[in-house]
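Student: Test case, fold it:
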Amino acid sequence: SLLPTVKAILSSPNPIRNLWRGTLPSALRTGFGSALYFTSLNALRTGLVQTNGIAPVTNSSSALPKLSNTANLATGAAARVAAGFVMMPVTVIKVRYESDYYAYRSLFGAGRDIVRTEGFRGLFSGFGATAARDAPYAGLYVLFYEQLKRRLAGLSSSSSDQQPLKSSSINFVSGGLAAGLATTITNPFDAVKTRLQLMPGRYGNMMRAVRLMVQEDGVRSLFGGLGLRITRKALSSALAWTVYEELILRAEVQWGSKGE
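Tutor: I've put the predicted structure just below:
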């Protein structure tokens, strides 16, 4: 559980170093992965608007086109799976480097050992479970996020006794709530994915992993790390989407005034 894990890390010889272990691969995965995801998502959404002849209508807190619930679900899932596949080797190296199960001393050493023992296929361990997690998570996230933005914007504008919320506040709150909901629903896939990436030889595939996890640790093992993951995903998603939306809004204003 979380508390004994934190205590064990803090009582280790290098607690600060261990708490930030894996920062570099995390930064690479998050930075480049987010760039790929947002670029793909924006291209898919814009393509749907142009293909279906939908006017690029925006709401009060976003410069992105409005889509149907089905379109939000599909574009979010497709963009996330595509970005996840490209960044999969970084994710596998990150998971194993952070774990004491392998005790790797460097990222290069982790990658070299994976290729040596499992081949390049080892760098994509758990991709099926990752896609099974990312597709519904990202799809549900975009769906919840857009719905929450509309509702919060509507509540803010209809309230006469207070000033309307700023777009950044609406986006931040919507991003955090959407991440919490989507994370709770998809956490079993994340738990399975982590086991497959740490010990692919033992767990083999998704179905075998689920069966072993339930047999050995009970159904609660499928929700292991939920509290920590909700905290991390809610904050990171809220920040990422708020910054992204604000940058898009500013770019629309700046470049739109120049006729670009």
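Student: from here on, contacts and neighbour counts on C-alpha atoms
Tutor: Will do.
Student: where in the stretch 151-260 of the chain is pLDDT low?
Tutor: For the stretch 151-260 of the chain, the stretches with pLDDT under 70 are 157-164, 256-260.
Student: could you redo the last one with a cut-off of 80?
Tutor: 154-165, 252-260 (pLDDT under 80).
Student: And the helices in it?
Tutor: For the stretch 151-260 of the chain, applying DSSP state H, counting those that start in this stretch gives helices covering 167-198, 200-203, 206-217, 226-257.
Student: Output the third one as CSV, nothing but the C-alphas.
Tutor: In CSV, the C-alpha atoms belonging to helix 206-217 read as follows (Å, rounded to 0.1, in the frame of the first residue of the first chain):
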residue,chain,number,x,y,z
MET,A,206,-3.6,-9.6,-20.2
MET,A,207,-6.0,-12.5,-19.4
ARG,A,208,-3.4,-14.5,-17.5
ALA,A,209,-2.3,-11.4,-15.6
VAL,A,210,-5.8,-10.6,-14.5
ARG,A,211,-6.4,-14.2,-13.4
LEU,A,212,-3.1,-14.4,-11.4
MET,A,213,-3.7,-11.0,-9.8
VAL,A,214,-7.2,-11.9,-8.6
GLN,A,215,-6.1,-15.3,-7.4
GLU,A,216,-3.1,-14.1,-5.5
ASP,A,217,-4.1,-10.7,-4.3
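Student: Buried ones in it, by neighbour count?
Tutor: Under the neighbour-count criterion of 16 or more other Cα atoms under 10 Å, helix 206-217 has M206, A209, V210, M213 buried.
Student: so the first one sits right up against T194, yeah?
Tutor: Think M206. No - between M206 and T194 there is no contact under Cα atoms under 8 Å: 10.8 Å.
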